[in-house]
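Participant: give me a model of this one.
(2 chains)
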2 protein chains.
Amino acid sequence: MSFDPGFRETLGDLLAWRRDVRRFQSQPVDEALLRHCLALARLSPSVGNSQPWRFVRVADPARRKAVIASFERCNGAAAGTYDAERRETYLRLKLAGLREAPIHLAVFCDEATEDGHGLGRATMPEMLRYSVVTAVHAFWLAARAHGLGVGWVSIIEPECVASHLDVPAEWRLVAYLCVGHPVEEHDDPELVRHGWQQRDAAAALLER
Amino acid sequence: MSFDPGFRETLGDLLAWRRDVRRFQSQPVDEALLRHCLALARLSPSVGNSQPWRFVRVADPARRKAVIASFERCNGAAAGTYDAERRETYLRLKLAGLREAPIHLAVFCDEATEDGHGLGRATMPEMLRYSVVTAVHAFWLAARAHGLGVGWVSIIEPECVASHLDVPAEWRLVAYLCVGHPVEEHDDPELVRHGWQQRDAAAALLER
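Facilitator: Modelled structure (predicted):
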């Protein structure tokens, strides 16, 4: 299996145009497309082939409301930690599209899975969570390739969200995703565009 | 920017044919290609646009030897934790290509970076490491698209490896990668092929 120059170049475009999306259209997401992107995500690497990712769609209005409340609590607290000038910038940012996104996906790591038989995680137990992150990233790229936007919301209390979602105690929240059709498309991050954090021009490869 | 059906399908092939590679040809890796794949990896999402990934190429023979020694220690210890039958399977697996791979890449997370100004990681500080994982995964996919194989070795002592590589104390090892031209190509994981862990047919999307 080899990949031609055209595909390689377009893969570069996909990586460049993937964004953390916070502005969604109300248009629903096709169910088969969502399932297809999840199936692609499950091809991701996992330590010991443990496949510890657990995907939960959150549609219940009360549960969504609890997640939004957690975001608003954390976001307000975070704003309070900055000095006046940076706080002003912070408060102008739109950091999540939780109210608009037609789909909320909570992605957990099953810390108690026996799949993989512990291979590869004796000295680096965090590999289990890292495996879930690769699945989140694959889902994100697949979604973007199919015209969907994904936003990863981390300004929440993970234990609080997990408890509202009534999942097994051994499941740890890795990512809370908003998914839907984006309102706009950009090849630069929102946080660059709005003056929060520039891209780092220094991209050293250290030699040892 | 939209992506056509042909690209979408080939992206699925890329995700399906990406592998954790442990068998490498001795043929060197083109320097410009390595740099290109690293540049693509740096387009990855990062919390607060913090870009905490730090790439270190390990070429010094003494340092490589120390990493290999760490792997062999951990691998022997891990084998000892299984019962006789599973240990026999474990010992038949080839779990790393550290001796053969022309390139060793250690990927760290700079836990002390001020880039991103802490945005998005007050309640989930692990987001910084997760950002590095997305860069590792993007590098992996880009490399595979260009005919290179990548293997992620986690059967090592991360602090020991970091100390041998003489990096700042605030850098935490996220991934140690072997990179090179693969000897073989497969669309199923090595651990499936050799009877360690099958793919999970149950791929539920939970509803809440």
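
Participant: use CA for all of it now, contacts and neighbours both
Facilitator: Fine.

Participant: please name the residues that touch A:Ser2.
Facilitator: A:Ser2 makes contact with B:145-147, according to C-alpha atoms under 8 Å, 6 or more residues apart in numbering or on different chains.

Participant: filter those down to just the ones in strands.
Facilitator: Per DSSP state E, strands hold no members of these.

Participant: the residues you listed: which ones sit near chain A?
Facilitator: B:145-147 (C-alpha under 8 Å from any C-alpha of the partner chain).

Participant: and of those, the nearest to chain A?
Facilitator: B:Ala145 (5.6 Å; C-alpha to the nearest C-alpha).

Participant: surely that closest one meets B:Leu15?
Facilitator: No - counting by C-alpha atoms under 8 Å, B:Ala145 stays clear of B:Leu15, with 9.7 Å between them.

Participant: between those two, which one's more packed in?
Facilitator: Between B:Ala145 and B:Leu15, counting by other C-alpha atoms under 10 Å in any protein chain shown, B:Ala145 is the more crowded of the two (27 against 21).

Participant: and stretch A:158-174, average pLDDT?
Facilitator: Mean pLDDT, computed over stretch A:158-174, is 98.

Participant: typo on my end, it should be stretch A:126-142
Facilitator: pLDDT averaged over stretch A:126-142 gives 98.

Participant: quick one: A:Leu191 from B:Leu165, how far?
Facilitator: Look at A:Leu191 and B:Leu165: by C-alpha to C-alpha, to the nearest Å, they are 33 Å apart.

Participant: next one: A:Pro102
Facilitator: Applying C-alpha to C-alpha to A:Pro102 and B:Leu165 gives a distance of 46 Å.

Participant: what residue is smack in the middle of chain A?
Facilitator: Geometric centre of chain A, nearest residue: A:Trp152, 3.3 Å, by C-alpha atoms, centre = their mean.

Participant: return the helix or strand where it lies as CSV; C-alpha atoms alone will do.
Facilitator: If you go by DSSP states H and E, A:Trp152 is part of strand A:149-153. C-alpha atoms of strand A:149-153 as CSV (Å, rounded to 0.1, in the frame of the first residue of the first chain):
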residue,chain,number,x,y,z
GLY,A,149,-15.9,20.4,12.6
VAL,A,150,-14.7,19.2,16.0
GLY,A,151,-13.9,21.2,19.1
TRP,A,152,-12.2,19.8,22.1
VAL,A,153,-13.4,21.3,25.4
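
Participant: packing partners of the lengthiest strand in chain A?
Facilitator: Scanning chain A for the strand with the most residues, using DSSP E, yields strand A:171-180. With contacts defined as 3 or more C-alpha pairs under 8 Å, 6 or more residues apart in numbering or on different chains; DSSP states H and E, strand A:171-180 has these neighbours: strand A:103-110, helix A:127-145, strand A:149-153, helix A:158-165.

Participant: nearest to B:Cys74, out of the ones you listed?
Facilitator: Proximity to B:Cys74 (C-alpha to C-alpha) singles out helix A:127-145 among the helices and strands packed on strand A:171-180, at 15.0 Å.

Participant: before I go, just wanted to say thanks for your time.
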